[in-house]
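J.: Output the structure for:
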Amino acid sequence: MTAPIAVVLAAGKSTRMKSATPKVLHSICGQLMIDYVLNAVRTAGVEKIIVVVGHKAAQVRAAVSVHQDIVFAEQTEQNGTGHAVMMCESELAEHEGSVIILAGDTPLLQGSSLIALLNHQQTHSAACVIGTADTPSNDGLGRIVRDAQGGFVCIREEKDASDDERKITEINTGCYAFSTPYLLESLGKLKPDNVQAEYYLTDCPRILMDDGHHVAAYCSLTIEEAIGVNNRIQLAEVRDQIQRGILEEFMRSGVTIEDPRRTSIDCGVEIGADTVIRPGTVIDRGARIGAECRIGPNVHITASQTIVDGVVLGP
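T.: Predicted coordinates:
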């Protein structure tokens, strides 16, 4: 089977972040936001990743070009998500397998969810599968409308939804698995028939259905995975979840963390068993701490530091 390709959308201006740094380059627990997304698609078996850049393209290229599996497409004008994917056509033209399309600002996305999405597309021979999530907090999100048999009908944006449709809790996550030839076919028929005069990727499923192709919607993601980081509040909320996972993994491996609420440990840190991390400790990515150490309270371990077994390091 041909390995899938991924298209990661990273061209937006992210004005709500109020930052000179492109949104996808903000660091979360020692790792760039976009790197979490790249790792998830690699877990799903992707061997080629197309990153669509636009706003501050050179900065984004420089940050992620160290990865050998990445190529770039540039969206010089922000004309919608469909237009962004159109910029990838030359990289997709010879590909006969599946392509995942997703946003670069969803750092909680899990590779297992993408695998489920791809498997659903393959099993049902679908031209497109729309990744969905279920949430009662559906304000402002596109609803997934289904028929009486549960088949996909359309994505209904909130402003166009009826009162009954507004009650639907299954929402579009903006994550898709397409058959690449069918994706290219639908992109060729996209038109900017909307108030913004933009090319919307969400129109592609309807184009394919109108042409007689099978399109499905599959609830393979959680709402936490699906919601992108659009401001500093969401950035902090995502960091809390990622940090909690890092600390829990260390505690399961035999490290004592006396007060997780007052401890900060980046990803990419090594800590040996039976080491005790006391409150107020901050450990940067790349630091290495041996076994049976006692670190803290109120200690900062930088990326360049290596602490051998048995060391007691106070404030």
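J.: shaky segments in the stretch 51-200 of the chain?
T.: For the stretch 51-200 of the chain, no stretch has pLDDT under 70.
J.: The stretch 201-315 of the chain now?
T.: Judged by pLDDT under 70, the stretch 201-315 of the chain has no weakly predicted residues.
J.: quick one, strands of the stretch 151-300 of the chain?
T.: Under the criterion DSSP state E, counting those that start in this stretch, the stretch 151-300 of the chain carries strands at the ranges 152-156, 170-179, 215-218, 256-257, 264-265, 270-271, 276-277, 282-283, 288-289, 294-295, 300-301.
J.: How about the residue nearest the centre of the chain: what's its closest non-neighbour residue?
T.: When C-alpha atoms, centre = their mean is applied to the chain, the residue found nearest the centroid is residue 106 (3.1 Å). In space, and not counting its chain neighbours, residue 106 is closest to residue 228: 5.1 Å by C-beta to C-beta, 6 or more residues apart in numbering. (Each C-beta comes from the backbone N, C-alpha and C, glycine too.)
J.: what sits against that neighbour?
T.: Neighbouring residues of residue 228 by C-beta atoms under 8 Å, 6 or more residues apart in numbering: 103, 105-106, 174, 234.
J.: Same check on residue 302?
T.: 284, 287 are the contacts of residue 302 under C-beta under 8 Å, 6+ apart.
J.: Next up, the contacts around the nearest residue to residue 57 once chain neighbours are set aside.
T.: In this structure, residue 57 finds its nearest non-sequential neighbour in residue 74, 5.6 Å apart by C-beta to C-beta, 6+ apart. Residues counted as contacts of residue 74 (C-beta under 8 Å, 6+ apart) are 11, 52-54, 57, 87.
J.: Please tell me how far the residue nearest to the centre of the chain sits from residue 41.
T.: Going from residue 106 to residue 41 by C-beta to C-beta, to the nearest Å gives 11 Å.
J.: now residue 298
T.: On the measure of C-beta to C-beta, residue 298 and residue 41 end up 39 Å apart.
J.: ok, those two, which is more surrounded?
T.: residue 41 (23 against 12; other C-beta atoms under 10 Å).
J.: Could you look up the SS state of the spatially closest residue to that one that is not a sequence neighbour?
T.: In space, and not counting its chain neighbours, residue 41 is closest to residue 6: 4.1 Å by C-beta to C-beta, 6+ apart. Secondary structure for residue 6, judged by DSSP: H, G, I helix; E, B strand; the rest coil, is strand.
J.: so residue 6 makes contact with residue 48?
T.: Yes. Shown here, residue 6 and residue 48 form a contact pair, counting by C-beta atoms under 8 Å, at 7.5 Å.
J.: Can you pick out the residue with more neighbours from these two?
T.: Shown here are residue 6 and residue 48; by other C-beta under 10 Å, residue 6 has more neighbours (26 against 17).
J.: Could you give the bridge partners of the more buried one?
T.: Note on residue 6: beta-bridge partners residue 49, residue 100, judged by DSSP bridges.
J.: who's in contact with residue 274?
T.: Neighbour list for residue 274: 254-256, 291-292 [criterion: C-beta under 8 Å, 6+ apart].
J.: Check those residues and tell me the two furthest apart.
T.: Using C-beta to C-beta, the two most remote members of these are 256 and 291, lying 11.8 Å apart.
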